[in-house]
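# the sequence and its predicted three-dimensional model are supplied below.
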Amino acid sequence: MGMSDQGKRYLYLDCASGISGDMIVAALLDLGADRQALESAIGSIHAEGFRVNIGRVKKSGIDCCDFNVILDAEHENHDHDVSFLYGKSEAGPDFSVKHPSGVHTHRTLSEIESILADVDMSDHALELAGRIFEILAEAEAKAHGVPAEQVHFHEVGAIDSIVDIVAASVCMDSLNVDGVIIPRLCEGRGMVRTQHGLLPIPVPAVVNIAQAGNLNLEICDRQGEYVTPTGAAFAAAVVTSDQLPAGFRILDTGLGAGKREQEIPGILRAMLIEPSEMHPEPDNSDSIWKLETNIDDCSGETLGYTLNRLLENGARDVHYTPVYMKKNRPGWLLTVICDEKAIPELEKIIFRETTTIGIRRIRMLRDTLPREEETVRTPYGEIQVKTVSIGNHKKVYPEYESVARAARECGAAFETVYLSARDSYEG
């Protein structure tokens, strides 16, 4: 982050003790998210069997916000029941415990999208909630070997997870930040019981989300699941950087409490920060942004169309590089060079037009030579050229489109017109 970041506000999520849906909502509320907008959205969810309580709890003696979706007996899924999740008993782990009875709704992505469409929230919040569920669907589809539209959500299709994701999206939207920094997600070890059965920690969905979203996943020496699929999907949907600025001012802090009583108390710390310029860049420095993503299941026509759309919407350069991806599948590395202000629109195009679910964003310093645009007269008409200065020496580069147009109009060879334009300038 450099001088262009001064005056901007970023959300920094410290996930040292994990991340889950309820922890996210609580931390963002504690940070100052719009509670009225949250309550309005939750009140418009067309579903039964739940109520929401927002309060304060102590975690390791620290006062934290607590966002609790309370299910009735018929819909209870025991997501916070540690003895059920980890098979704990006085004699030690006992994974023979069966799943408690109750209603366990299995919803498809289209069914969840229908629920979201009726919720009272902004278009941006709706888009974010939909994106989180798309990320979850892709991760579950990969884990179970089925198309995303055929995935039947279990835990994250339950009403408490839908409420968590709606609430997190509404809170995130109301904070109006310029970016989200998530350096790492800290996860535990062992096994956890789900409606799919016993699964290793991190569960396959979290692994798939971390891989596709290029998230930094750190496995810590502690027993238990600290990163839930909902928490990982939210992180993948909102993260813009994994690097904190060299220096920053803390504008506000929020602490969100988790429900599971585990070895490490679940506390998600959210900070609203403003970068400070501790090491100003030289006056002659310049920076540019690189966006990149791996793609392995798009047609050539789609890739070509995407390239043109990116160039039309502010990209300075776009190119594809053939790569071999996981399982030795051939694919493409899409690289986009652009200014910072063009990033939101270009990322929107990439997500809409390709099958990727994650984009890496890198700010790079660069050195550039002074350049000017001029027009020269040639036997083939006026040609635009670009001149570049290297000390007292100048190089001239006739512009492609200008040369091509003159060559077509005059019926001359492209190279003839190109050399004429260069010679006319140097002469």
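Happy to help now that I have it.
# dihedrals phi and psi, the closest residue to N176 other than its chain neighbours?
Closest residue in space to N176, ignoring its immediate chain neighbours: R9 at 7.9 Å, by Cβ to Cβ, 6 or more residues apart in numbering. Yep, even glycine has a C-beta here, placed from its N, CA and C like the rest. Per-residue torsions, R9: phi -110, psi 130 (degrees, to the nearest 10).
# burial of R9, as a residue count?
16 (other Cβ atoms under 10 Å).
# hmm, it is touching E274, no?
Yes - using Cβ atoms under 8 Å, R9 is in contact with E274, at 5.8 Å.
# overlap of the contact sets of the two?
Common contact partners of R9 and E274 (Cβ atoms under 8 Å, 6 or more residues apart in numbering): L251.
# need the contact list for the residue nearest to N176.
Here R9 is in contact with 176-178, 251, 272-274 (criterion: Cβ under 8 Å, 6+ apart).
# same deal with T230?
Applying Cβ under 8 Å, 6+ apart, we find T230 in contact with 20-21, 132, 136, 156, 161, 164-165.
# ok, R269 to M23 distance?
Counting by Cβ to Cβ, to the nearest Å, the separation of R269 from M23 is 10 Å.
# dihedrals phi and psi, the residue nearest to A342 when sequence neighbours are not counted?
Distances taken as Cβ to Cβ, 6+ apart place G314 nearest to A342, at 3.4 Å, with adjacent residues excluded. Per-residue torsions, G314: phi 110, psi 0 (degrees, to the nearest 10).
# quick check: G314 touching L346?
Yes - taking contacts as Cβ under 8 Å, G314 lies within contact range of L346: 6.5 Å.
# need the residues touching each of the two.
C338.
# compare neighbour counts for the two and give me the winner.
L346 (22 against 15).
# following element in sequence after the lowest-mean-pLDDT helix or strand in the chain, please.
Among the helical and strand segments of the chain, the one scoring lowest on mean pLDDT, DSSP states H and E is helix 82-86, with a mean of 52. Where DSSP states H and E defines the elements, the next helix or strand beyond helix 82-86 is helix 109-117.
# look up how far I135 lies from A212.
Distance from A212 to I135, by Cβ to Cβ: 7 Å.
# ok, the two, which is more surrounded?
Taking neighbours as other Cβ under 10 Å, A212 and I135 compare with I135 leading, 24 against 18.
# can you tell me the SS state at that one?
Three-state assignment for I135 (DSSP: H, G, I helix; E, B strand; the rest coil): helix.
# grab the nearest non-local neighbour of it.
Of all residues not flanking I135 in the chain, A233 sits nearest, at 4.4 Å (Cβ to Cβ, 6+ apart).
# look up phi and psi at the one you found.
Backbone torsions of A233, given as degrees, to the nearest 10, read phi -70, psi -40.
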